[in-house]
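1. Sequence and predicted structure, then a few things I'm wondering about:
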Amino acid sequence: MTIGAVLIWLLAANLLKRDVGQERKAPVPLPLIVFSIEALVFLSFAKPRLGVGSIGVVLLSAVACYASAGQSRWKSDWPVLASLVVTLLFATTLAWWRRTGPELDASYGAFIALHVLLAISFWILARAPEEGRRSDRIEPLAVIVFIGFGAFVVFSTGLYDNPWMYGLAWHHWGAYVGPAQLVSAGARILHDIPAQYGFGPTMLLALSCKEDCWLAMYWWVAVLSLTYGALILWTARKASAGQQAPLQIVLIAFAVFATVYLWTAYPPNVGSPAVTPSVSGLRFLPLALLIAVITQRDDRRSTKPPSEYIHLIWLAGVLWSPESAAQVTVVWWPYYVWRCARSGRNVLHANVRLACWLIATFVAFILIYRIAYGVFPSLTTYLAYVMYPPGPLPINPWGAIWFFGLAGLAGIVSVRRQLRRAPDDHRTQNLVVFALASFGAASYYLGRSHDNNLLNVSVFFLLLLLAVREISDSRLARFVSCAAIAALISYPVLFGWNSWTSLAQSGRLFEFRPRATVSNFTYTSPRGQQANTAGSSLAATASDDADRGMRTIVKQFDEPVTVLDAAINLDASNAGVPWSACHGPENFVYLPSALRRQFLASTADRLTRPGWLLISANYDAASFLSDYDAVYRRDRRLDFGTYYAIRYVPLADRPR
């Protein structure tokens, strides 16, 4: 929040003081003072603390980075060296899964390899543009390799041979498929049911899955993840538009690949962003598209206002989801007002114009919704997951927030300098966009403040760091940005690569069988049973009981079944068709009982179907059962050992 407030203040100050002034140089740069205070606090209170050996390696690595850049001004350049130490110290917070003891849990070999790679990456990135000759061939080749490896990562199905990875995909895909299937069955989105990931993804999936929502989910996840990566790569090219040596081009492309496809793939056990689609295109595509279009349209020095066509991309992002609405508005609104004011337009007029666009969009959406469904959307239903985010966690005060806070601070310092030096330069405009995008994307972390969620938005901070590296005339800011980028490139050395290693050993690395993959997302499949028990306390006998219960209900009654157990997975077989609002219970675990009952009642009136709950005896389902009892009546109960089943029929005499 602080970074966003400072950005807005800097843009406002730039408008109030239109002349380009010269910045006075302080004896000790202000950023270094801030960095040093942060480092002292971090070393004094961070738990778990870094060991002495780890700190020693960090210091040596910083010295190696400084020396590798061909620097010899050790006395006069001590602020730059000190800033490198702070940057690499904060970079250790990225590996949250390795910080289980008094220091980073890694072998000396891995730690040394990490910092050797870091120093080499820094050396390549910190080289002056004139030191390297730009190759016209290397850039297209880097793009082809990037797209090829990206397609392999998101389309390959061999990874799902790992039961733990398979269960992870099943759980996260179900959170999208559940609401989409309900919409296809006739439930009214944003009235009868909420949409955890927003109106856009749910309707996109619902309109394309008349035959098989799970197979449609596979294709949308893969295609949008690949599109997202391509947009980010294109934007990174704009962020580093200066002359680059061939090795620098390759390294920047790899940095983008790492942040798009590796840092988002759960580093403790690296999979694919397709396994958890909420970390890629289905969530962040509107923001990525917006900044890509802005940087493409504003590709030269100009005092003209931005193109009005970009409003359409902004408004599409607003309708995509509440989270996307916040992200794209944080970027477009202040940027548009600032650019309009720089071109001589009235600030109030720019704000009113944006407000009119926004109001007109909401009015049109509500009218179309009313014509389609005969009712108005509910604000409470729309904001359900904003008010009650899934799995909220407290912010870790000694986690990765330090590294990304440092990246944000480097961006703020560079924005301030550029607004004084060349506010109408297209590189300044891009820098402002990336700083705003980083702040907007970080809202994802506020919903569930796990360190891993910051890693999922690292790509937007990478764009900011690339812009700082390209535009800054400050050696301190440039070296800090190069070191931070090098850290994002190097720390995958500490990732858990077991899944990919075992996949390569099994010979299924290049397997491409999407239909067979999604067909096993069921409690009656051996692979589905393995996925449900992998990494959980579920016993094999419990999985057998769930299988027996599912088969018995389908055979004897031919009615839909919703399963409540530790896995909370939505069954992909014909037994898993929608019959109640809690179709895909993972979407409803964190919602309060009153809201669940509201959605259950609306959907029961809409679908008027009976159905079954198949419940693990070890699962605390009391709250769910109480909600169902308020809307449905219990018609029958069956026992299957460690599971039991209840048949529910909508109450005919329930008050409407």
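-> Looks like it arrived, so ask away.
2. For stretch 112-126, buried residues please.
-> For stretch 112-126, a neighbour-count test (16 or more other C-beta atoms under 10 Å) marks L114, H115, L117, L118, A119, I120, S121, F122, W123, I124, L125, A126 as buried. Just so you know, the C-beta spots here come from the backbone N, C-alpha and C atoms, and that holds for glycine as well.
3. between these, which is closest to V347?
-> Within the buried residues of stretch 112-126, the smallest distance to V347 is 38.4 Å, found for L125 (C-beta to C-beta).
4. element containing the closest one?
-> helix 108-126 (DSSP states H and E).
5. Toward the C-terminus, what is the element adjacent to the helix or strand hosting L503?
-> Element membership for L503, per DSSP H and E: helix 498-506. Using DSSP H and E, the helix or strand that follows helix 498-506 towards the C-terminus is helix 514-519.
6. Which strands and helices lie in contact with that next one?
-> If contacts are counted by 3 or more C-beta pairs under 8 Å, 6 or more residues apart in numbering; DSSP states H and E, helix 514-519 sits against helix 213-239.
7. Report the mean confidence score over the helix it packs on.
-> If you average the pLDDT over helix 213-239, you get 95.
8. Identify the residues contacting the helix or strand just after that helix?
-> Moving toward the C-terminus from helix 213-239, the next helix or strand (DSSP H and E) is helix 246-257. Applying C-beta atoms under 8 Å, 6 or more residues apart in numbering, the contact partners of helix 246-257 are 121, 124-125, 127, 132-135, 138-139, 142-143, 145-146, 149-150, 229, 232-233, 236, 240, 244, 459, 462, 466, 485, 488-489.
9. Now do helix 246-257 against helix 213-239, angle only.
-> 140 degrees (axes from the mean of the first three to the mean of the last three C-alpha atoms, to 10 degrees).
10. For A126, see how far away the residue nearest to T522 when sequence neighbours are not counted is.
-> Among residues not flanking T522 along the chain, S573 sits closest, at 4.3 Å (C-beta to C-beta, 6 or more residues apart in numbering). Counting by C-beta to C-beta, to the nearest Å, the gap from S573 to A126 is 56 Å.
11. go on, G440?
-> Counting by C-beta to C-beta, the gap from G440 to A126 is 29 Å.
12. Equivalent analysis for A442, please.
-> For A442 relative to A126 (C-beta to C-beta), the value is 27 Å.
13. Could you do A119 as well?
-> 10 Å.
14. Check A621 too.
-> Noted for A621: a distance of 57 Å to A126, by C-beta to C-beta.
15. Check H349 too.
-> Distance from H349 to A126, by C-beta to C-beta: 44 Å.
16. and T295, how many neighbours?
-> 24 (other C-beta atoms under 10 Å).
17. List the contacts of it.
-> T295 neighbours (C-beta under 8 Å, 6+ apart): T235, K238, A239, N430, V433.
18. Let me know the distance separating the first one from L466.
-> By that I understand T235. 9 Å.
19. ditto for the last one
-> Taking C-beta to C-beta as the measure, V433 falls 12 Å from L466.
20. And the second one, by the same measure?
-> With distances defined as C-beta to C-beta, the gap from K238 to L466 amounts to 9 Å.
21. more crowded one of those two?
-> Under the criterion of other C-beta under 10 Å, the comparison of K238 against L466 puts L466 first, with 27 against 23.
22. Nearest residue to that one in space, ignoring adjacent ones along the chain?
-> A239 (4.0 Å).
23. Would you confirm that the one you found contacts V468?
-> No: in this structure A239 lies outside contact range of V468 using C-beta atoms under 8 Å: 9.1 Å.
24. follow-up on the earlier one: list only buried entries from the contacts of helix 246-257.
-> Counted by 16+ other C-beta under 10 Å, the contacts of helix 246-257 give 121, 124-125, 127, 132, 135, 138-139, 142-143, 146, 150, 229, 232-233, 236, 240, 244, 459, 462, 466, 485, 488-489 as buried.
25. okay, now R551: neighbour count?
-> By other C-beta under 10 Å, 14 other residues sit near R551.
26. how close does it get to Y643?
-> 12 Å.
27. Helix, strand, or coil at R636?
-> strand (DSSP: H, G, I helix; E, B strand; the rest coil).
28. That one touches Y644, doesn't it?
-> No: R636 is beyond contact range of Y644, at 11.1 Å (criterion: C-beta under 8 Å).
29. between those two, who's got more neighbours?
-> Y644 (17 against 12).
30. Hmm, I553 and T524 touching each other?
-> No: using C-beta under 8 Å, T524 makes no contact with I553, being 10.8 Å away.
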